[in-house]
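A.B. asks: Give me the fold of what follows.
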Amino acid sequence: MIVNRFPFLRPAGHWLLLCAGSGALAVLLQALHLPAAVLLACMVCAVLLAVRGAQLALPAWGFNAGQALLGCLMAQSLQPRQLAAVWAHAPLFLGATLLLIGASTLLGWWLMRRQVMPGSTALWGMTPGASAAMVVLAGQYGADMRLVAFMQYTRLLLITLVAALVSRAVLGEAPTAAPAAIAWWGQPSAAGLGWTAALVLLGTLLAPRLRLAGGAMVLPLLGAVLLQNLWGQAPALPPALMLLSYASLGWSVGLRFTRAILRHALRTLPQVLLCTLLLMLVGLATGAVLHWATGLDALSAFLATCPGGADSMAVIVAGSAVDTGFVMAMQLARFLLVLLIGPALTQRVARACGL
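C.D. replies: Purely as a prediction, here's the structure:
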């Protein structure tokens, strides 16, 4: 039984403490240039409050709205230019991506057989790329989304750190520029905001009725892709709105933690790190083959096959002397394939193991 360590605070005070702590930690993580800083900060603060006994829960509609906005954001990466680059190198992309997915599935199966994680959690936790999407889908398919989030973001931090260090070692430190002021709301068009509202309502209201796993994220993603590729329209996603999306996802996952779950996550850290390093070695070997077969420079090949997220890779390659288009096309190809076959593959392996 968890004892409330904040008996002097009412629920409103808990929420205020959560918001203040999340904001302060997000600023710190942003200053350290860590990926997914806002989401990580909100998740960490929510975990700390939850294990200290704060009785908070995010409404289901808030979590669904956050998923819908995430789906709209993912759709922005699926522009015709990127899709054309993927199609032009389809066999190469498909082979490298399937190899990485196969390796991650094998490592997840090993963790599952050793009962490091309960049920199919290890399979979802090892799935490469699209970390937030995998956390959401894992919860929909019955895995423990708390432990999936722990595995996904531990891997994301480690891989992003290594990729950034390798990039800096090869290319040298990029010249620093004065940080530009963030236009939190920008100047979105009324039509763009209207499309955003419509897609969020689609994910928030329709998906639960359809009982579609991950529907709150997948339906807006598909809707946004159709809008931008067929009709030239796009939902408006100002930074302030996405900040709310990241906060809702981080808080929803973090507030579900208990002391027992947190202790279990920390006990499994060595195995999670080992599997992450092995997956990185598979990515490195794939990058070496890519470099040899295509003549692509070694750093671009390494970043293209690195099993991190497309968003974090975009930050690393920005302003670097690498083939940015190829790297992002490769990352997005894996993201698409993971989104398409990841859930079915994970369920099939779990059933084969009697889960």
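
A.B. asks: what stretches of the stretch 101-250 of the chain score poorly on pLDDT?
C.D. replies: Applying pLDDT under 70 to the stretch 101-250 of the chain flags the ranges 129-130, 164, 168, 170-183, 212-214.

A.B. asks: biggest helix in this protein by residues?
C.D. replies: Taking DSSP state H as the criterion, the chain has its longest helix at helix 324-352.

A.B. asks: Can you list the helices and strands that it packs against?
C.D. replies: helix 80-88, helix 90-113, helix 121-126, helix 131-140, helix 298-305, helix 310-317 (3 or more C-beta pairs under 8 Å, 6 or more residues apart in numbering; DSSP states H and E). Yep, even glycine has a C-beta here, placed from its N, CA and C like the rest.

A.B. asks: gap between that helix and the chain center?
C.D. replies: 13 Å (C-alpha atoms, centre = their mean, to the nearest Å).

A.B. asks: Likewise for stretch 99-106?
C.D. replies: With C-alpha atoms, centre = their mean, you get 18 Å for stretch 99-106.

A.B. asks: that older thread, tell me which of the helices and strands packed on helix 324-352 is the most buried.
C.D. replies: helix 121-126 (a mean of 30; mean count of other C-beta atoms under 10 Å).

A.B. asks: That helix packs against which elements?
C.D. replies: Going by 3+ C-beta pairs under 8 Å, 6+ apart, helix 121-126 lies up against helix 90-113, helix 131-140, helix 145-171, helix 269-294, helix 324-352.

A.B. asks: just for the stretch 251-355 of the chain, where's the confidence low?
C.D. replies: Ranges of the stretch 251-355 of the chain meeting pLDDT under 70: 309-321, 355.

A.B. asks: Also compute the angle for the longest helix of the chain relative to helix 298-305, please.
C.D. replies: 40 degrees (axes from the mean of the first three to the mean of the last three C-alpha atoms, to 10 degrees).

A.B. asks: need the helices and strands packed on helix 324-352 in TSV with distance to residue 154, can you?
C.D. replies: Conversion of the helices and strands packed on helix 324-352 to TSV gives the following (distance: least, C-beta to C-beta, whole Å):
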stretch	distance to residue 154
helix 80-88	28
helix 90-113	13
helix 121-126	9
helix 131-140	10
helix 298-305	20
helix 310-317	13
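
A.B. asks: Identify whichever of the ones you listed lies nearest to residue 185.
C.D. replies: helix 310-317 (21.1 Å; C-beta to C-beta).

A.B. asks: before we move on, the earlier item: please produce JSON lines containing the helices and strands packed on helix 121-126, extended by distance to residue 52.
C.D. replies: Shown next, in JSON lines, are those (distance: least, C-beta to C-beta, whole Å):
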{"stretch": "helix 90-113", "distance to residue 52": "29"}
{"stretch": "helix 131-140", "distance to residue 52": "23"}
{"stretch": "helix 145-171", "distance to residue 52": "16"}
{"stretch": "helix 269-294", "distance to residue 52": "21"}
{"stretch": "helix 324-352", "distance to residue 52": "33"}
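
A.B. asks: and these, which is most packed in?
C.D. replies: Among these, ranked by average contacts under mean count of other C-beta under 10 Å, first place goes to helix 131-140 (a mean of 26).

A.B. asks: on contacts alone, who are the packing partners of that helix?
C.D. replies: helix 60-76, helix 121-126, helix 145-171, helix 215-230, helix 239-254, helix 324-352.

A.B. asks: I'd like those as CSV, with distance to residue 272 appended.
C.D. replies: Output for these, formatted as CSV (distance: least, C-beta to C-beta, whole Å):
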stretch, distance to residue 272
helix 60-76, 24
helix 121-126, 7
helix 145-171, 5
helix 215-230, 24
helix 239-254, 17
helix 324-352, 17
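
A.B. asks: For residue 51, find the nearest of these.
C.D. replies: Nearest of the helices and strands packed on helix 131-140 (C-beta to C-beta): helix 239-254, 9.6 Å.

A.B. asks: circling back: could you say which one of the helices and strands packed on helix 121-126 comes nearest to residue 232?
C.D. replies: Smallest distance to residue 232 across those (C-beta to C-beta): 20.0 Å, for helix 324-352.

A.B. asks: what's around residue 38, how many residues?
C.D. replies: For residue 38, the neighbour count with other C-beta atoms under 10 Å is 23.
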